[in-house]
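Undergrad: Just to be clear, the model below is a prediction. Sequence and coordinates:
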Amino acid sequence: MAHVSGPCSSLPGSAHAVPVGTMCDQHQDRPAVTRVQGETDSFGAEYIDMCQECREEFKRHKDEARHGPCDWCKTNATDLRPRRDFEEGMSGPVYQVCGACVRRENERLAKELGWDD
């Protein structure tokens with residue numbers, strides 16, 4: 001991992017600027033063309049610096065990370081996405097949440113705010 005942040009509000013998979021002269025984490029002889037946010041928790045995030053080859057490989061496998069159990073409803077899903085519980089703060093833990101849970105939360109919040117009228 002190239003860099004570790006302190007608490008941050010961005011989510012895993014976010015792209016960030018690559019500092020000039022940064023080399024790929026896997027291929028130290030190649031310049032990095034992208035920096036992707038990896039593991040993220042309430043303490044901060046790890047960033048992965050990738051050369052063009054690693055970036056293409058990452059993109060090929062990106063959809064596989066969307067499969068598995070939802071952290072909120074525990075059902076197996078194929079549409080997981082990183083999500084924070086806003087009540088825990090914008091630097092709080094990151095959960096892998098299915099689309100159905102996201103919709104339910106958005107509907108609940110819209111109702112609470114009176115936006116569903």
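TA: Nice, I can see it. Keep in mind the model is a prediction, meaning the values are calculated, not measured.

Undergrad: Identify the neighbouring strands of the helix or strand of the chain with the lowest mean pLDDT in the sheet and state each direction.
TA: Counting by mean pLDDT, DSSP states H and E, the chain has its least confident helix or strand at strand 3-4, which shows a mean of 72. The strands beside strand 3-4 in its sheet (DSSP bridges) come out as strand 44-50 (antiparallel).

Undergrad: List the buried residues for the partner strand?
TA: Residues 45-50 are the ones in strand 44-50 that count as buried (16 or more other CB atoms under 10 Å). Every residue, glycine included, has its C-beta placed from N, CA and C.

Undergrad: Tell me who's in contact with Trp72.
TA: Going by CB atoms under 8 Å, 6 or more residues apart in numbering, Trp72 touches 95, 97-98, 101.

Undergrad: Just the C-alpha atoms of the longest helix belonging to the chain, please, in PDB.
TA: Under DSSP state H, the helix in the chain containing the largest number of residues is helix 99-113. Only the C-alpha atoms of helix 99-113 are listed here, as PDB (Å, rounded to 0.1, in the frame of the first residue of the first chain):
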ATOM      1  CA  GLY A  99     -29.300  -2.400  -3.300                       C
ATOM      2  CA  ALA A 100     -32.500  -3.400  -1.500                       C
ATOM      3  CA  CYS A 101     -31.100  -2.100   1.800                       C
ATOM      4  CA  VAL A 102     -30.000   1.100   0.200                       C
ATOM      5  CA  ARG A 103     -33.500   1.600  -1.300                       C
ATOM      6  CA  ARG A 104     -35.200   0.900   2.100                       C
ATOM      7  CA  GLU A 105     -32.900   3.300   3.900                       C
ATOM      8  CA  ASN A 106     -33.500   6.000   1.200                       C
ATOM      9  CA  GLU A 107     -37.200   5.500   1.400                       C
ATOM     10  CA  ARG A 108     -37.200   5.600   5.200                       C
ATOM     11  CA  LEU A 109     -35.200   8.900   5.200                       C
ATOM     12  CA  ALA A 110     -37.400  10.500   2.600                       C
ATOM     13  CA  LYS A 111     -40.400   9.600   4.700                       C
ATOM     14  CA  GLU A 112     -38.800  11.100   7.800                       C
ATOM     15  CA  LEU A 113     -37.900  14.300   6.000                       C
END
